[in-house]
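>>> Any chance you could fold what I've pasted below:
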Amino acid sequence: MTAQHYDAIVIGAGQSGGPLTGDLTANGYKTALVERSRLGGTCVNWGCTPTKTMVGSARVAHMARRAADYGVHTGNVTVDLETVRQRKRDIVTMFHDGSSNAIHSTENLDVYMGSARFIDRQTIEVELNDGGTRRLTAERIFINTGTEPVVPDVPGLDSTPYLTSTSIMELGKVPDHLIIIGGGYIGLEFGQMFRRFGAEVTIVNRGDRLVSREEPEISEVVQEILEADGIQVLLDSSLESVSGTEGSIRASISRKGQTQSHDLSGSHILIAAGRTPSTADLDLGKAGVETDDRGAVVVNGRLETSTPGIWAIGDVKGGPAFTHISFDDGRILKQNLFGDGDGSIDGRVVPYVVFIDPELARVGLSEQEARQQGYEVSVASMPMTSVARALETDETRGLMKAVIDAQTSQILGATVLGIAGGEIMSIIHLAMLTGTPYQTLRDAPFAHPTVAEALNNLFSQVE
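Predicted coordinates:
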C-alpha cells in the first residue's frame with residue numbers, strides 16, 4: 001500500500017485536535033486529520049453542549065414548579081422529552097456544523113473519516129468509514145482520541161438494556177424510575193436533570209460519599225441538595241448483577257456492612273461509572289508509546305509521549321478531563337511548536353464546574369491538599385444564606401470556601417457551591433492567575449446587589 005506523506009497527522013478532531021490543525025496549516029504544515037466519528041469531539045456532540053442544553057430545560061421545569069414560592073401561579077408542569085431532545089439536537093447540529101465548516105475550509109488540510117491505528121512510529125493506517133483503507137506517514141503525530149464510557153463487568157449487563165451518558169440523551173420519554181450507577185459528576189448531572197423532568201431517581205455510589213474528589217463538607221451539602229430534590233442516594237453500594245428488559249430493570253445491590261444484597265426495580269438503568277481513554281484500538285505499542293494502567297497516554301509537561309515526534313493532548317492523556325483543559329493543551333503545543341517554546345502543563349491551575357443546580361465550581365487546591373503540600377493555611381467559608389443576592393432570588397442552597405496561603409496572602413483554591421458558582425469561581429481563578437492577594441477581593445467595591453459582592457464577605461472571614 002502506498003503511503004501518503006504529511007508534515008503532521010492529528011488523530012481525533014476534539015477541542016485540542018480541531019484547533020491544532022488550524023495552527024499547523026497556518027504555519028505551512030501539510031496536515032492530515034483523522035476522525036472516526038463526528039468532528040468537534042465529545043464536547044460538542046455528546047458532552048458539554050448537549051448535556052448543558054438539557055440541564056437548561058430541566059432548570060426551567062424546576063423553576064416552573066417553584067413558581068408559587070415567588071408569588072407566581074402556574075398550572076400542572078409537565079415535560080415533553082421529545083421537544084427537549086429536539087432542542088438539544090438542534091443546538092448540537094449548529095455547533096457541529098460550525099466546527100465541521102471551519103475544518104473543511106482549512107487550506108492544506110486533508111480530512112479522513114475513519115479509525116486509525118499505528119503501524120510504526122511515523123505511520124498510521126486508517127480504516128475509512130465508507131470502506132477501504134489509507135496509509136499515512138508523518139514526522140509529527142498528535143493523538144487526541146479522547147475517552148469513552150466505562151462499562152463495568154457486571155453479570156447480566158451484556159444482556160440487559162442499559163443507558164450510557166450518550167444514549168440517555170436520546171430518550172423520547174421520561175423514565176418512570178431511573179437507576180444510576182455512579183455518584184460522580186456525570187451521574188449527578190443526569191440524576192438531577194431527570195428528576196426535574198419527572199422521573200424517580202436512585203443513585204448507587206460505591207464510595208462513602210458523592211463527588212469524592214471534593215472536600216467532605218462539600219460532598220455532604222451536595223447530597224443534601226439532591227435528596228431535597230427527591231433523589232434517593234445509596235452510599236457504600238455496588239451493582240452486583242442486573243436483569244430485565246427495557247422498561248423493567250432489576251438491579252441487585254450490595255451494601256457495605258450488610259450480609260444480604262437487595263433488589264432495586266426501575267424502568268431504566270444508567271451506567272455512569274466513569275470514562276476511560278480511547279486508546280485500545282490505536283496499537284500504540286507499535287509506535288513505542290507508553291500508557292499507564294488505565295490506558296491513558298503518558299506525557300511530560302510539554303505533552304510529549306515516550307516516542308519522539310508523537311504528542312498526546314486532551315482527555316486521552318489522563319488527568320483533568322475538561323474541555324477547557326483540552327483546548328489549553330492545544331495552546332501549549334502552539335507555543336512550543338511555533339512560539340517561545342516555554343509552554344508546559346506543569347503547575348497549571350485547573351478550574352471546573354459541575355452543572356448540578358446550584359453549580360459546583362472548583363479551582364486549585366482543597367484545604368486538605370494545601371495542608372498536605374506543606375502550606376500554612378487560612379480558610380474562609382460562608383453559607384449562601386449569607387449572600388444578599390441569593391436571598392433576594394431565593395437561591396440560598398450551598399456555600400463558598402476559599403483556601404489561602406497564610407504567609408503570602410495568595411489564594412490557593414476555592415469551591416463555590418451556589419448560584420452563579422462558575423462565574424464567581426472564575427473571578428477567584430483570575431485572582432490566582434495574576435497573583436492577586438485575597439485582600440484585593442475582600443476590599444473591591446463590587447456592584448450591588450450581585451453575587452460577586454459576596455467575595456467581600458467571604459474573604460473577610462479569613463481566619
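
>>> From the centroid of this structure, which residue is nearest?
With distances taken as Cα atoms, centre = their mean, residue 322 lies nearest the centre of the chain, 4.8 Å away.

>>> Tell me the pLDDT of that residue.
Here the pLDDT value assigned to residue 322 is 94.

>>> can you pull the contacts of the spatially closest residue to it that is not a sequence neighbour?
The shortest distance from residue 322 to any non-neighbouring residue, by Cβ to Cβ, 6 or more residues apart in numbering, is to residue 352 (5.2 Å). In this view, the C-beta of every residue, glycine as well, is placed from N, C-alpha and C. Residues in contact with residue 352 (Cβ atoms under 8 Å, 6 or more residues apart in numbering) are 320, 322, 324, 361-363.

>>> which of those residues sit farthest apart?
320 and 361 (14.0 Å; Cβ to Cβ).

>>> quick one, which of those two is more surrounded?
Neighbour count, other Cβ atoms under 10 Å: between residue 320 and residue 361, residue 361 has more, with 25 against 15.

>>> which residues does that one bridge with?
Beta-bridge partners for residue 361, by DSSP bridges, are residue 353, residue 416.

>>> need the contact list for residue 455.
424, 427-428, 441-442, 444, 446.

>>> Can you show me the helices along the stretch 1-150 of the chain?
Using DSSP state H, counting those that start in this stretch, the helices found in the stretch 1-150 of the chain span residues 17-26, 41-45, 48-65, 81-104.

>>> Could you export those helices as a markdown table, including distance to residue 167?
Listed next are these as a markdown table, based on distance: least, Cβ to Cβ, whole Å:
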| stretch | distance to residue 167 |
| --- | --- |
| helix 17-26 | 24 |
| helix 41-45 | 13 |
| helix 48-65 | 12 |
| helix 81-104 | 12 |
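
>>> List just the one of these that sits closest to residue 405.
For the helices of the stretch 1-150 of the chain, proximity to residue 405 was assessed by Cβ to Cβ; helix 48-65 is nearest, at 32.2 Å.

>>> Show me what that closest one is packed against.
Contacts defined by 3 or more Cβ pairs under 8 Å, 6 or more residues apart in numbering; DSSP states H and E place helix 48-65 against helix 81-104, helix 185-197.

>>> then the first one to CSV, C-alphas only?
If I follow you right, that is helix 81-104. The C-alpha trace of helix 81-104 is given here as CSV (Å, rounded to 0.1, in the frame of the first residue of the first chain):
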residue,chain,number,x,y,z
LEU,A,81,-38.9,15.0,26.4
GLU,A,82,-39.2,14.7,22.6
THR,A,83,-39.1,18.5,22.4
VAL,A,84,-36.3,18.7,24.9
ARG,A,85,-34.4,16.2,22.8
GLN,A,86,-35.0,18.1,19.5
ARG,A,87,-33.8,21.4,21.1
LYS,A,88,-30.7,19.6,22.2
ARG,A,89,-30.2,18.1,18.7
ASP,A,90,-30.7,21.5,17.0
ILE,A,91,-28.0,23.1,19.2
VAL,A,92,-25.6,20.2,18.7
THR,A,93,-26.1,20.4,14.9
MET,A,94,-25.4,24.2,15.0
PHE,A,95,-22.2,23.7,17.0
HIS,A,96,-21.1,20.6,15.0
ASP,A,97,-21.7,22.3,11.7
GLY,A,98,-19.6,25.3,12.8
SER,A,99,-16.7,23.1,13.7
SER,A,100,-17.1,21.0,10.5
ASN,A,101,-17.3,24.0,8.2
ALA,A,102,-14.2,25.5,9.8
ILE,A,103,-12.2,22.3,9.4
HIS,A,104,-13.3,21.6,5.9
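
>>> outside of that helix, which residues touch it?
Residues outside helix 81-104 that contact it (Cβ under 8 Å, 6+ apart): 13, 18, 21-22, 33, 38-40, 44-45, 49-50, 53-54, 57, 109, 111, 169-174, 197.

>>> cool, and stretch 259-269?
With Cβ under 8 Å, 6+ apart as the test, stretch 259-269 has contacts from 160-163, 168, 171, 175-181, 200, 202, 204, 240, 242, 246-255.

>>> show me where the stretch 151-300 of the chain has helices.
185-197, 216-228.

>>> so of those helices, which one's packed in deepest?
Mean neighbour count, computed with mean count of other Cβ atoms under 10 Å, is highest for helix 185-197 among these, reaching a mean of 24.

>>> Tell me which other helices or strands it touches.
Contacts defined by 3+ Cβ pairs under 8 Å, 6+ apart place helix 185-197 against helix 48-65, strand 177-181, strand 200-204, helix 216-228, strand 351-354.

>>> how about the helices of the stretch 151-300 of the chain, which one is nearest residue 314?
helix 185-197 (17.3 Å).

>>> pLDDT (mean, whole number) over that closest one?
The model assigns helix 185-197 a mean pLDDT of 98.

>>> quick one, it and strand 177-181 angle?
Counting by axes from the mean of the first three to the mean of the last three Cα atoms, to 10 degrees, helix 185-197 points 170 degrees away from the direction of strand 177-181.

>>> tell me how far helix 185-197 is from the chain's mean position?
Distance of helix 185-197 from its chain centroid, counting by Cα atoms, centre = their mean, to the nearest Å, is 14 Å.

>>> Likewise for stretch 29-42?
For stretch 29-42, the gap between its own C-alpha mean and the chain's C-alpha mean amounts to 21 Å (Cα atoms, centre = their mean).

>>> quick one: buried residues of it?
By neighbour count with 16 or more other Cβ atoms under 10 Å, stretch 29-42 contains the buried residues 29, 31-42.

>>> Just the buried ones from the contacts of helix 81-104?
The neighbour count (16+ other Cβ under 10 Å) marks 13, 18, 21-22, 33, 38-40, 44-45, 49-50, 53-54, 57, 109, 111, 169, 171, 174, 197 as buried among the contacts of helix 81-104.

>>> Which of the helices and strands packed on helix 185-197 sits closest to residue 417?
Smallest distance to residue 417 across the helices and strands packed on helix 185-197 (Cβ to Cβ): 6.0 Å, for helix 216-228.

>>> Go through the helices and strands packed on helix 185-197 and name the closest to residue 279.
Closest approach to residue 279 among these (Cβ to Cβ): helix 48-65, 22.0 Å.

>>> which stretches of this protein aren't confidently modelled?
Counting by pLDDT under 70, not a single residue of the chain qualifies.

>>> Break it down into its domains, please.
Per automatic domain parsing, the structural domains of the chain span 3-148+276-338, 157-273, 358-460.
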